[in-house]
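Participant: any chance you can model this:
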Amino acid sequence: QLRLVESGGGLVQSGESLTLACTVSKFTWEKFAIGWFRQAPGKEREGVSCISASGSSTNYADAVKGRFTITRDVAKMTVYLQMSSLQPDDTGLYHCAPVIPGQPTCQMSPYFEDYWGQGTQVTVSA
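Facilitator: Numbers count the residues shown, from 1 in each chain. As a prediction, the model looks like this:
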């Protein structure tokens, strides 16, 4: 069964750090690369980062390279997004979702266009 649950969002000040977690079902973990997406008010959803199903490759949007790190914990079937040097432009509702696999890296495009969980809100104050 496809299942992903996001957590870890919050309100932080500019320059601070935050780590998001995406806990997935066994089926989801074994079948899909996982990505993080965000949507700010009035803007379209954008891909932030993704990690391959094997964990061997990652991909990042230019806006977050060098500041965000995606990792995964096999035992917990959880994908993390470690965010540092946060800026007000990073504010948004963050979702994790299965993404389209690719070579050499996963693509930051959702595998299912209509599957989105509740997400977790990240707010960065100036």
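
Participant: moving C-terminal from the helix or strand hosting residue 81, which element do we reach first?
Facilitator: Here residue 81, judged by DSSP states H and E, is contained in strand 78-83. Next along the chain after strand 78-83, taking DSSP H and E as the criterion, comes strand 92-99.

Participant: give me the helices and strands touching that following strand, please.
Facilitator: strand 4-7, strand 18-24, strand 33-39, strand 46-51, strand 78-83, strand 120-125 (3 or more Cβ pairs under 8 Å, 6 or more residues apart in numbering; DSSP states H and E). Any C-beta I mention is one placed from the backbone N, CA and C, and that applies to glycine too.

Participant: show me the shaky parts of the protein.
Facilitator: In the prediction, the chain carries no residues with pLDDT under 70.

Participant: of the helices and strands packed on strand 92-99, which approaches residue 105 most closely?
Facilitator: For these, the distance to residue 105 is smallest for strand 46-51, at 7.5 Å, taking Cβ to Cβ.

Participant: what's in contact with the helix or strand just after that closest one?
Facilitator: Per DSSP H and E, the first helix or strand lying C-terminal to strand 46-51 is strand 58-60. Residues outside strand 58-60 that contact it (Cβ atoms under 8 Å, 6 or more residues apart in numbering): 48, 49, 50, 51, 52, 68, 70, 105, 106, 107, 108.

Participant: list the residues that contact the residue nearest the centre of the chain.
Facilitator: The residue lying closest to the centre of the chain (Cα atoms, centre = their mean) is residue 36, at 2.0 Å. Contact partners of residue 36, counting by Cβ under 8 Å, 6+ apart, are 20, 22, 47, 48, 49, 50, 70, 79, 81, 94, 95, 96.

Participant: can you rerun that using 6 Å?
Facilitator: Residue 36 is in contact with 48, 49, 81, 96, counting by Cβ atoms under 6 Å, 6 or more residues apart in numbering.
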